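Visitor: The following comprises the amino acid sequence and a computationally predicted model.
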Amino acid sequence: MLKKITFFFSHSKQVFPFISTHSYTRQLTSSSYPPNPPSLNTLISSGNLNYALLEMALQGCEMGFRDYDTILNECVSKRAFREGQRVHAHMIKTNYQSPVYLRTRLIVFYTKCERLEDARRVLDEMPERNVVSWTAMISGYSKRGYDSQALNLFVQMLRSGTAPNTFTFATVLTSCTGAFGFDHGSQIHSLIVKCLFESHIYVGSSLLDMYAKAGKIHESRGVFEGLPERDVVSCTAIISGYAQLGLDEEALGLFRRLQREGMTYNYVTYASVLTALSGLAAFEHGRQVHNYVLRYEVPSYVVLQNSLIDMYSKCGNLTYSRRIFDTMSERTVISWNAMLVGYSKHGKGRKVFELFELMKEENKVRPDSITLLAVLSGCSHGGLENRGLEIFDEMMGRIDGVEPTIEHYGCIVDLLGRAGQVEKALEFIKQMPFEPTVAIWGSLLGACRVHLNVDIGEFVGTQLLEIEPENAGNYVILSNLYAAAGKWEDVQRIREMMKEKAVIKEPGRSWTELDQTLHTFYASDRTHPRKEEVFGKVRDLSARFKEAGYVPDLSCVLYDLDEEQKERILLGHSEKLALAFGLINTPEGKPIRVMKNLRICIDCHNFAKFVSMVYEREVSLRDKSRFHHIIRGVCSCGDYW
DNA sequence: GTAGGGTTAG
């Protein structure tokens, strides 16, 4: 199938008007000494909080509503916790009867200073509350990620008979995430409809985002299309909804449509567009976005740089990623993680380790759970088993360190399995404080296949088929293992089981970029306009490679067919079609880049090695989880993935 | 006095 992404940044002048930054300095003229001592409000608004507080104390001040209001406002904007606390104490000491308005300010003050318990105490002690005080507290919980507290408080608010307003709904919907997000969110949606707020732009964008995050993209789109007006946030929310679900082409298509319709965008929109481009590995398009972003320096520039690091890495160009990383004036933990993950997925274990050391040395940003995942997986794939184990032990032993999750344990299973220590990996699984997941069994099964451990492989495979009988991939790996061990009866048995139970979820799809167009191929594709030419090329390649020693791995086909038919199926694999297409259309010596939506099969991996040897081409193949850089028949993955 | 979208992994 031919999918062309139109060159959607071609009208740069209208689309991205040049943004000039004006800076001007305002000379503050110093006035003569004031004839009268400054009033409390003047002191506060001049920003001299401490002086204001001192005045307050010295005068044993009779503070009024306006004084408290102004000073608390100042404390909120400066996040001045100690000072605000003193103001609160002053209110209590002088027995000031705060109105709802000021108590709400106190709630906001405490939530902004991340003192949720203090904020809640203020709310709980209020003699009367209104919708704003409830919403301020709900918002405090939501922003800090205390979703269940936010939802509980929302329910309490409803029970108290206070009607939510648009602020409340827009806020509380952001806490509808995770396992029950959709249940809560759709109930709240009903309330919104009843209150006639469905068309409200803030409520609507929060609502469509809730649906998108729950994976209900049709509902999300429905809300979006029903909005009477659109703005940058609602447009970005729907685009990012598609992108985050991996519906990259849809995200870009919608972006183009909205762009034609005159949508405005900002750095968040760019970040979402980059996510979609990364998914497609659309290098040239990504580079264009980079060009525009360079002119779009905003305070959140670091977010965009993080997206760019990731985009270049997912497009196979780590050099560009590192260049951005090195020139950043400020780095967040995400910047480090994006770079570390990049090295790790490209199989560059030593680079991962070096960068991690640099991160610790710089000591500006604390490693988090994702950092450790990247480092452990990098060590595992880069042959640095001992380093990986050391880091894991260190992590377990430290109080201030990262709490190990099941994923971290999974990395260690992978690391041991990859190093050939299959028994040790099994022991490790048995001692974990977690129930093993399908990912963990799957990783060990892969190790059993590579290291030909049929006994453990059988045990692991059986566990896996029980937990996840519908996943066709598990049958394939187990069958590969039996085939490699020459146990043909078992291969037959697995094939029968698969026919009975397995569901092939997603069809294999590969694509390659040529002249800013993505050419997509499905297995045994009959839709691409140049299919005859491509199939012919694959057949030629196969014949040529056989002379050089290529033997088709028929164990990758689980259908009950004769050998000739099996070979025909193998030759129709989408990766081979995309590789052949790349060979036809690119000049000699140019690296070939192919992307695949699933994991690459053993036979195609081997086929790609022959492409690299016979044609002396570098082949870069990105599958679902990692890169395979193949040079002269040797793959960066070390034949283990 | 209260509000919506974003970047790393899976």
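Guide: Good, I have the coordinates. Residues are numbered from 1 along each chain as shown, chains lettered A, B, ... in the order given.

Visitor: make it CA atoms for all contacts and neighbour counts henceforth
Guide: OK.

Visitor: what pairs with residue A:619 across the strands?
Guide: Taking DSSP bridges as the rule, residue A:619 bridges to residue A:592, residue A:630.

Visitor: what's the spacing between it and residue A:534?
Guide: 18 Å (CA to CA, to the nearest Å).

Visitor: These two - which one has more neighbours?
Guide: Neighbour count, other CA atoms under 10 Å: between residue A:619 and residue A:534, residue A:619 has more, with 26 against 22.

Visitor: just checking, that one touches residue A:592?
Guide: Yes: Residue A:619 is in contact with residue A:592 according to CA atoms under 8 Å; the separation is 4.9 Å.

Visitor: and the stretch 201-350 of chain A, which residues reach DNA strand B?
Guide: For the stretch 201-350 of chain A, the residues in contact with DNA strand B (CA under 7 Å from any atom of the strand) are A:201-206, A:209, A:230-234, A:236-237, A:240-241, A:244, A:265-269, A:271-272, A:275, A:300-304, A:306-307, A:310, A:333-335, A:337-338, A:341.

Visitor: Now list the buried members of those.
Guide: A:201-206, A:209, A:230, A:233-234, A:236-237, A:240-241, A:244, A:265, A:267-269, A:271-272, A:275, A:301-304, A:306-307, A:310, A:333-335, A:337-338, A:341 (16 or more other CA atoms under 10 Å).

Visitor: Filter these down to just the ones in helices.
Guide: A:201-206, A:209, A:233-234, A:236-237, A:240-241, A:244, A:267-269, A:271-272, A:275, A:301-304, A:306-307, A:310, A:333-335, A:337-338, A:341 (DSSP state H).

Visitor: Counting by contacts, list what the helix or strand hosting residue A:186 packs against.
Guide: If you go by DSSP states H and E, residue A:186 is part of helix A:181-194. Packing partners of helix A:181-194 (3 or more CA pairs under 8 Å, 6 or more residues apart in numbering; DSSP states H and E): helix A:166-173, helix A:201-213.

Visitor: need those in TSV with mean pLDDT, can you?
Guide: Below are those laid out as TSV (pLDDT from 0 to 100):
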stretch	mean pLDDT
helix A:166-173	98
helix A:201-213	98
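
Visitor: Which of these sits closest to residue A:101?
Guide: Between residue A:101 and the helices and strands packed on helix A:181-194, the tightest spacing by CA to CA is seen for helix A:166-173, at 16.3 Å.

Visitor: close to DNA strand B, is that closest one?
Guide: Yes: residues of helix A:166-173 contacting DNA strand B under CA under 7 Å from any atom of the strand: A:166, A:167, A:168, A:170, A:171.

Visitor: Scan chain A for its longest helix.
Guide: helix A:531-547.

Visitor: quick one: average confidence on it?
Guide: Averaged across helix A:531-547, the pLDDT comes to 92.

Visitor: Show me which positions of the helix or strand that that helix is followed by end up buried.
Guide: Next in sequence after helix A:531-547, counting helices and strands by DSSP H and E, comes helix A:563-571. Neighbour counts using 16+ other CA under 10 Å place A:566, A:567, A:569, A:570, A:571 of helix A:563-571 among the buried residues.

Visitor: Quick one: mean pLDDT over helix A:563-571.
Guide: The average pLDDT within helix A:563-571 is 86.

Visitor: Quick one: name whatever helix or strand follows that helix.
Guide: helix A:574-585.

Visitor: any idea how far that next one is from the chain center?
Guide: In terms of CA atoms, centre = their mean, to the nearest Å, the centre of helix A:574-585 is set 30 Å apart from its chain centre.

Visitor: which secondary structure elements does that helix contact?
Guide: strand A:509-514, strand A:517-522, helix A:531-547, strand A:592-596, helix A:602-614.

Visitor: Contacts for that helix next, please.
Guide: For helix A:574-585, the surrounding residues in contact (CA atoms under 8 Å, 6 or more residues apart in numbering) are A:508-512, A:514, A:519-525, A:534-535, A:537-538, A:541, A:571, A:592-596, A:600, A:604, A:607-608.

Visitor: same thing with stretch A:612-625?
Guide: Stretch A:612-625 is touched from outside by A:316, A:345, A:545, A:548, A:588-600, A:608-609, A:611, A:627-633, with contacts defined as CA under 8 Å, 6+ apart.

Visitor: Okay, now that stretch: how far is its last residue from its first?
Guide: Stretch A:612-625 has an end-to-end distance of 21 Å (criterion: CA to CA).

Visitor: Show the average pLDDT along it.
Guide: Stretch A:612-625 comes out at a mean pLDDT of 94.

Visitor: Sort out which residues of it are buried, please.
Guide: For stretch A:612-625, the neighbour count (16+ other CA under 10 Å) marks A:612, A:613, A:616, A:617, A:618, A:619, A:620, A:621, A:622, A:623 as buried.

Visitor: and if you look at stretch A:524-537?
Guide: The neighbour-count check on stretch A:524-537 (16+ other CA under 10 Å) flags A:524, A:525, A:531, A:534, A:535, A:537 as buried.
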